[in-house]
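Undergrad: Give me coordinates for this.
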Amino acid sequence: QVQLVESGGGLVQAGGSLRLSCAVSGVIFSINAMGWYRQTPGKQRELVATITRAGTTNYSDSVKGRFTISRDNAKNTVWLQMNSLKPEDTAVYYCRAETVSSPTTNKYLEVWGQGTLVTVSS
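TA: So this is what the prediction gives:
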């Protein structure tokens, strides 16, 4: 069974930094896009950043210039470096991965992590 294990959340003061990690475990052939999303109580989950297998990145306007997404395809891991954190960045952050089970299919399975809480104090 494919699982995503996240780590790196915590409490930080405004202006500080945190680095989130997400490792994919299980039997897979490859991973297409990976990304980070976040959610606060009463709101829909929103995109923070995504990265393709080739390394093309996309960011929400609210984090552009402050957050950096990266990945290591050999380690099936994606990171989110968060700098200049603001109180409005407080949320549960979720990792997402599009996992492909074999080389004979183009279909992927969408897998989500359990979430890691990031709290930014003012």
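
Undergrad: Skipping adjacent residues, who's closest to residue 63 in space?
TA: Closest residue in space to residue 63, ignoring its immediate chain neighbours: residue 48 at 5.7 Å, by C-beta to C-beta, 6 or more residues apart in numbering. Just so you know, the C-beta spots here come from the backbone N, C-alpha and C atoms, and that holds for glycine as well.

Undergrad: Sheet-wise, list the partners of the strand or helix carrying that neighbour with their directions.
TA: With secondary structure defined by DSSP states H and E, residue 48 is part of strand 46-51. Each strand that pairs with strand 46-51, with its direction, by DSSP bridges: strand 30-39 (antiparallel), strand 57-59 (antiparallel).

Undergrad: if we can go back for a sec, tell me who's in contact with the residue nearest to residue 63.
TA: By C-beta atoms under 8 Å, 6 or more residues apart in numbering, the contact set of residue 48 is 35-38, 59-60, 63, 67, 80, 93.

Undergrad: switch to 10 Å and redo it
TA: 20, 35-38, 58-60, 62-63, 67, 69, 80, 82, 89, 91, 93-94 (C-beta atoms under 10 Å, 6 or more residues apart in numbering).

Undergrad: Buried residues, stretch 89-98. List them.
TA: For stretch 89-98, a neighbour-count test (16 or more other C-beta atoms under 10 Å) marks 89-98 as buried.
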